[in-house]
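Peer 1: Predicted model and sequence follow; I will ask about them next.
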Amino acid sequence: MSRLTALDDKLAAAVTRAFGSMPAAYLLALYSLLPLALPGAQTALLYWSNCVQLIALPLLMVGQNVLGRAAEQRAAETHDAVLAELALLRALVAAPADQPPAQAPTDPTTPKGSAMPDRPVDPHLDQAAQAAALTETHNGPTEPDEQQLLAAQFGAPNSAGVYGAPTPEGNPA
């Protein structure tokens, strides 16, 4: 797009927005009442209103086209984003129920599924050593037998390691 075309588009959009404003509506309403106040100038006022119409109508049409292209581009971007989200949802629905949902790629120093990037994990530690480290730093289970306590209260965890929610009476569902 040339610089002149870009300038034309900006000018047309600005004029369209200006003519579509309430101050412009008030100004044009007052202009239409001028023949009542100045009956002798009615011919000149009619001439000038025709000139304004001859200039404004094509300019407003160009402005509507420019604004319409921008709206179509935003709609296309929204459509593409919605389709991408739909593809993710379809993949989640199609995944086996016993497989935990895929996690977004994370920093290698971040534990899986954690939103805390300042908590490095030594990849050489076994699971028990990692659990002990998390307990010491209060970033994980704080009770030595927390898994047994949770299982007793909520039942066995699902495949993602999430324990069920209690019923209103406090008994496992």
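Peer 2: In hand now; what should we look at? Numbers count the residues shown, from 1 in each chain.

Peer 1: what packs against the longest helix along the chain?
Peer 2: Determined from DSSP state H, the single longest helix within the chain is helix 42-94. Counting contacts by 3 or more CB pairs under 8 Å, 6 or more residues apart in numbering; DSSP states H and E, helix 42-94 is packed against helix 3-19, helix 22-37. (Each C-beta comes from the backbone N, C-alpha and C, glycine too.)

Peer 1: what's the most buried one of those helices?
Peer 2: helix 3-19 (a mean of 14; mean count of other CB atoms under 10 Å).

Peer 1: residues in contact with that helix?
Peer 2: 1, 24, 56, 59-60, 62-67 (CB atoms under 8 Å, 6 or more residues apart in numbering).

Peer 1: model confidence over that helix, on average?
Peer 2: Looking at helix 3-19 alone, the average pLDDT works out to 89.

Peer 1: try stretch 25-37
Peer 2: 91.

Peer 1: Alpha carbons of it, as CSV, please.
Peer 2: What follows is stretch 25-37, C-alpha atoms only, in CSV (Å, rounded to 0.1, in the frame of the first residue of the first chain):
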residue,chain,number,x,y,z
ALA,A,25,-25.4,15.8,14.1
TYR,A,26,-26.0,18.8,16.3
LEU,A,27,-24.1,21.1,13.9
LEU,A,28,-26.0,19.9,10.9
ALA,A,29,-29.3,20.2,12.7
LEU,A,30,-28.5,23.8,13.5
TYR,A,31,-27.4,24.4,9.9
SER,A,32,-30.8,23.1,8.7
LEU,A,33,-32.6,25.7,10.9
LEU,A,34,-30.6,28.6,9.5
PRO,A,35,-33.2,29.3,6.8
LEU,A,36,-35.7,30.0,9.5
ALA,A,37,-33.5,32.7,11.0
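
Peer 1: Buried ones from the contacts of helix 3-19, can you make that a ChimeraX selection?
Peer 2: Buried subset of those, written as a ChimeraX selection, criterion 16 or more other CB atoms under 10 Å:
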select :56,59,60,62,63,66,67
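
Peer 1: Alright, that wraps it up for me.
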